[in-house]
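J.: 3D model of this:
(chains A and B)
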Amino acid sequence: DGGITQSPKYLFRKEGQNVTLSCEQNLNHDAMYWYRQDPGQGLRLIYYSQIVNDFQKGDIAEGYSVSREKKESFPLTVTSAQKNPTAFYLCASSGRADLTDTQYFGPGTRLTVL
Amino acid sequence: AQKVTQAQTEISVVEKEDVTLDCVYETRDTTYYLFWYKQPPSGELVFLIRRNSFDEQNEISGRYSWNFQKSTSSFNFTITASQVVDSAVYFCALSELSNSGYALNFGKGTSLLVTP
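T.: Just a heads-up that it's a prediction; the model follows:
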């Protein structure tokens, strides 16, 4: 089945540790995105990538890093510089990165800092 | 400034009631797109509808209907004869060009609880 997978579903991290969240899609989409969701809030864009080997900062990129070495993969690293990383992280993809295209979402990763 | 406002934080209805979720947006662009997504307790966002700014026809899909009114910058979502499985958080989103390029702006969501 085509879709977006994220792993792990739950992730626990000690303060000061970097952690990487996985996002894979087999929809042959060019564009991929990472969002952060806090309780009672909408989604905020962290990073997006329109094409392999290229990515752009979103509204809240500080403390995060990404890579896009393969079309189907867009991992997100939450670094120790991120002051409040506990949140629900959602990955999405779309055929292309423009305002006309629909973004489809993965099941999310819930990150908790202990 | 919030570009998408969903004024209803939580709504509770009894099964079979109709319910309307409000969405008001703000943009200076003449070309833009509006979306509705459903987030069930599992967490994954499920795409419901996309509407462009030039198409003001209302749309109906089964028990779901959408009312797009440019004059009031609103894109409201109605569920007819609600069911327990409709319980979820619903997000309205606006797609427009921004200074940093493409942007999809989400409202804060409306949590709908449908009780038997």
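J.: contacts, neighbours, all on C-alpha from now
T.: Fine.
J.: Just list whatever residues bridge to residue 5.
T.: You didn't pick a chain, so chain A it is. Beta-bridge partners recorded for residue A:5 (DSSP bridges): residue A:24.
J.: you looked at the wrong chain, it should be chain B
T.: Beta-bridge pairing for residue B:5 (DSSP bridges): residue B:24.
J.: which residues sit against the longest strand along chain B?
T.: Counting by DSSP state E, the longest strand found in chain B is strand B:88-98. If you take C-alpha atoms under 8 Å, 6 or more residues apart in numbering or on different chains as the criterion, strand B:88-98 is touched by A:42, A:99-100, B:3-4, B:6, B:23, B:25, B:27, B:29, B:31-41, B:102-113.
J.: low pLDDT regions in chain A?
T.: Filtered on pLDDT under 70, chain A yields the residue ranges A:1, A:99.
J.: 90 instead, please
T.: Scanning chain A for pLDDT under 90 picks out the ranges A:1-2, A:15-16, A:39-42, A:50, A:58-59, A:80-83, A:96-101, A:114.
J.: which phi and psi does residue B:86 have?
T.: Taking degrees, to the nearest 10, you get phi -80, psi -10 for the backbone angles of residue B:86.
J.: Quick check: it vs residue B:48, distance?
T.: Separation of residue B:86 from residue B:48 (C-alpha to C-alpha, to the nearest Å) stands at 12 Å.
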